[in-house]
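Undergrad: show me the folded form of this:
(chains A and B)
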Amino acid sequence: MKILRQTSITLILFLISLLENYLNTFISLNIGIYIFFIALVFLGTDFFDQSNVIPIFFSGVLYDSFFSTYYLGLYSAIFLFVVIVSNFLVSKFTKTNIVYFTIISICLLVYKSPIIFEFDINYWLYNYLLSVFVNFTIYLFLKRILRINV
Amino acid sequence: MQSTQAVGIRKYVIYFLFLFLSGLLTAVDYFSNKSLSNYIPNQINLLSSFQIPDRILQNELINLSSSKADIVAENIRLKEELVDLRLLYKENQDLKDDIESYDVLIKNISDFELTYYATSLILKNSTDEYLIVGGRDYNFEPGDIVVNETGYIVGYLGEVFNDYSILESLDSTNFSFRALDENNNSFEINSNGRDLIINSLDLLNDKKVGTIYSDITFGHVSKFPFLNLEIYEQKIINNKLTLIVEVEEKLSFQTRLYIPKEK
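TA: Sure thing, here's the model as predicted:
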């Protein structure tokens, strides 16, 4: 039962990442809608559980295998780190919108770190700043839908 | 306070372990020249099964980034495409008409060993001769029979040029044609422009003449109906039949014409 649950979560996370890739392929504006990233933040802030580590790790392995040209394990590490950072910040500070905004900002930096390290600041800064606002809005919107008190 | 912090750190232990595992995987993948990361995609064709239908991909609403210039360019492209589509529509209609015409022809002919070249009027010249499409480029020769879609003879080729021919139609004063009826009686048909003058060449019995046909004995390619004489009043004088039939059918640009040729 536990294995089935973990497998299901892995597959769902991978499907969300797949959807995120398709979504950002269509959107040629200089923003990114990172639904998988938002899902990871949710896993860190609201649904943090040690049992989620394996699905997150394997979704990263699958992501690396199918979508990334980087070495296997890089995105697993990034995903895990996003969850750790978001949970650490939400545990450390009072849950306010500013904290959530900070979480999104810092975690998005982590999430986009391969691009940040590879390209100069002019390439990614504008996109990053816009994406922070867009994804923060989506995050809050989803929070409301999920009836989670902000 | 310290214990709370310790609990806070301990909950990440497994995450850090998997972070370490991820780093290990990266190291192995690096030293194995990416054989690890390529293993799964080489085994499973996953992404091909997630292909988005073209219908969705072509949906222009998805492209949110269209700038004004893009929209103008797209508009121009669409206009050009519309013109092309209209041309294709017309071509399609013409082809449909051709198919319908061929269908009618097929129902009316009996000789399927021949090739039927479709042709049509180009113009009627100042001497009221019909110029039709196709000439030596289709291996047409003077004397080749021209039939309409009902399979009836409407004339023959008088002169053949490179890409067009002159049709000796029923209302041409040069029209002169020989035909046979079902009893192998020969007839000569001439035209004065308004009427066809039909004369029998052989002695006839009292039997009423039915449809007259072209025949290979006169150098025609095959047997095609020319005229049904049964509907006209026939007076046989001295065992000879002379009949004057008004030319009713006039050719137009809508008339579908075919030139049967041996394969």
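
Undergrad: could you say which helix or strand holds A:Asn135?
TA: Secondary structure assignment for A:Asn135, by DSSP states H and E: helix A:121-145.

Undergrad: what's in contact with that helix?
TA: Contacts to helix A:121-145, defined as C-beta atoms under 8 Å, 6 or more residues apart in numbering or on different chains, come from residues A:30-35, A:37-38, A:41-42, A:46, A:97, A:100-101, A:104-105, A:108-109, A:112, A:115-116, A:150. The C-beta positions use only the backbone N, C-alpha and C, and glycine is treated the same way.

Undergrad: cool, and stretch B:172-189?
TA: B:128-130, B:153, B:155-156, B:158, B:168-169, B:190-193, B:196-202, B:204-205, B:207, B:209-215, B:217-218, B:226-227, B:229, B:241.

Undergrad: looking at chain A, which helix or strand is least sure?
TA: Lowest by mean pLDDT, DSSP states H and E among the helices and strands of chain A is helix A:113-118, with a mean of 82.

Undergrad: what's the mean pLDDT across stretch A:142-150?
TA: If you average the pLDDT over stretch A:142-150, you get 73.

Undergrad: so what's the residue count around B:Glu182?
TA: 11 (other C-beta atoms under 10 Å in any protein chain shown).

Undergrad: wait, is B:Leu131 part of a helix?
TA: No: looking at B:Leu131 with DSSP: H, G, I helix; E, B strand; the rest coil, it is strand, so not inside a helix.

Undergrad: name the element the closest residue to it other than its chain neighbours belongs to?
TA: Nearest residue to B:Leu131 in three dimensions, chain neighbours excluded: B:Ile122, at 4.3 Å (C-beta to C-beta, 6 or more residues apart in numbering or on different chains). Using DSSP H and E, B:Ile122 falls within strand B:121-124.

Undergrad: name the helices or strands packed onto that strand?
TA: strand B:130-133 (3 or more C-beta pairs under 8 Å, 6 or more residues apart in numbering or on different chains; DSSP states H and E).

Undergrad: what about the helices in the chain?
TA: You didn't pick a chain, so chain A it is. Ranges of helices in chain A, per DSSP state H, are A:2-26, A:35-45, A:53-66, A:74-92, A:97-111, A:113-118, A:121-145.

Undergrad: wrong chain, I was asking about chain B
TA: Under DSSP H, chain B gives helices at B:2-10, B:13-31, B:35-43, B:54-57, B:68-108.

Undergrad: now those as JSON lines including distance to B:Arg136 and mean neighbour count?
TA: Shown next, in JSON lines, are the helices of chain B (distance: least, C-beta to C-beta, whole Å; neighbours: other C-beta atoms under 10 Å in any protein chain shown):
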{"stretch": "helix B:2-10", "distance to B:Arg136": "96", "mean neighbour count": "9"}
{"stretch": "helix B:13-31", "distance to B:Arg136": "72", "mean neighbour count": "17"}
{"stretch": "helix B:35-43", "distance to B:Arg136": "62", "mean neighbour count": "15"}
{"stretch": "helix B:54-57", "distance to B:Arg136": "46", "mean neighbour count": "9"}
{"stretch": "helix B:68-108", "distance to B:Arg136": "23", "mean neighbour count": "11"}
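
Undergrad: tabulate those helices (CSV), appending distance to A:Thr69.
TA: Below are the helices of chain B laid out as CSV (distance: least, C-beta to C-beta, whole Å):
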stretch, distance to A:Thr69
helix B:2-10, 34
helix B:13-31, 12
helix B:35-43, 9
helix B:54-57, 23
helix B:68-108, 29
